[in-house]
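K.L.:
The amino acid sequence is not available; the structure is as follows:
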């Protein structure tokens with residue numbers, strides 16, 4: 001009886017360790033990242049995302065991040081963009097709150113989408129839930145960024161850097 005009980009306890013502990021390893025997001029191939037900044041206006045802006053890697057692929061490739069199609073702008077769960085106060089993004093009003101951040105990449109123009117549904121898998125998307133869409137022109141950079149990275153500056157410049165691409169928008 002003791003031997004059987006010990007085997008059950010050992011099996012349970014092994015299951016618990018395996019489950020913990022699966023839920024440890026830092027062990028994922030696209031690890032989580034978060035960037036936050038308090039703007040000069042006092043507004044807190046944060047982006048909570050997962051960092052996919054280029055791994056020799058190209059943005060715009062049909063089998064990776066295709067041009068002209070809605071992309072979750074990261075990996076795993078939806079990327080979450082949050083502002084603590086009402087703001088203007090590239091001159092358009094966005095109310096305080098959390099948003100799923102999606103994009104439609106393009107060679108000459110990117111559409112940035114702030115979607116009202118933020119707490120979901122990144123692959124789920126409904127245009128009916130869009131709160132705001134803006135467009136911006138991507139720039140080629142000389143520095144290569146293997147992992148997708150967001151930066152937020154105190155003046156409200158938000159940058160998405162990945163591969164040799166930089167996509168920027170302004171939050172005021």
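P.N.:
Good, I have the coordinates. All figures in this text were calculated on a predicted structure; none of them were measured in a lab.

K.L.:
drop to CA atoms for contacts and neighbour counts, all remaining ones
P.N.:
OK.

K.L.:
contacting residues around stretch 152-159?
P.N.:
Contacting residues not belonging to stretch 152-159 are listed as 35-40, 45, 150-151, 166-172 [CA atoms under 8 Å, 6 or more residues apart in numbering].

K.L.:
Tell me the most packed of those residues, by neighbour count.
P.N.:
Of all the contacts of stretch 152-159, the most densely surrounded is residue 45 (25 neighbours; neighbours counted as other CA atoms under 10 Å).

K.L.:
Residue 58: which of the contacts of stretch 152-159 is nearest?
P.N.:
Distance to residue 58 across these (CA to CA) is lowest for residue 166, with 13.8 Å.

K.L.:
element containing that closest one, please.
P.N.:
Under the criterion of DSSP states H and E, residue 166 resides in strand 157-170.

K.L.:
Can you point out the buried residues in stretch 137-153?
P.N.:
Buried residues in stretch 137-153, defined by neighbour count with 16 or more other CA atoms under 10 Å: 138, 145, 146, 147, 148, 149, 150, 151, 152, 153.

K.L.:
Run the chain-centre distance for that stretch.
P.N.:
Chain-centre distance of stretch 137-153: 14 Å, with CA atoms, centre = their mean, to the nearest Å.

K.L.:
go on, stretch 68-76?
P.N.:
Centroid separation for stretch 68-76 versus its chain: 8 Å, with CA atoms, centre = their mean.

K.L.:
got it, and stretch 109-121?
P.N.:
Remark: stretch 109-121 is offset 9 Å from the chain centroid, using CA atoms, centre = their mean.

K.L.:
Show me what it is in contact with.
P.N.:
Stretch 109-121 has contacts (CA under 8 Å, 6+ apart) with 76-81, 98-105, 127, 129-138, 167.

K.L.:
Ends of it, what's the gap?
P.N.:
End-to-end span of stretch 109-121 (CA to CA, to the nearest Å): 25 Å.

K.L.:
likewise stretch 34-52?
P.N.:
One end of stretch 34-52 to the other measures 13 Å (CA to CA).

K.L.:
Good, wrapping up.
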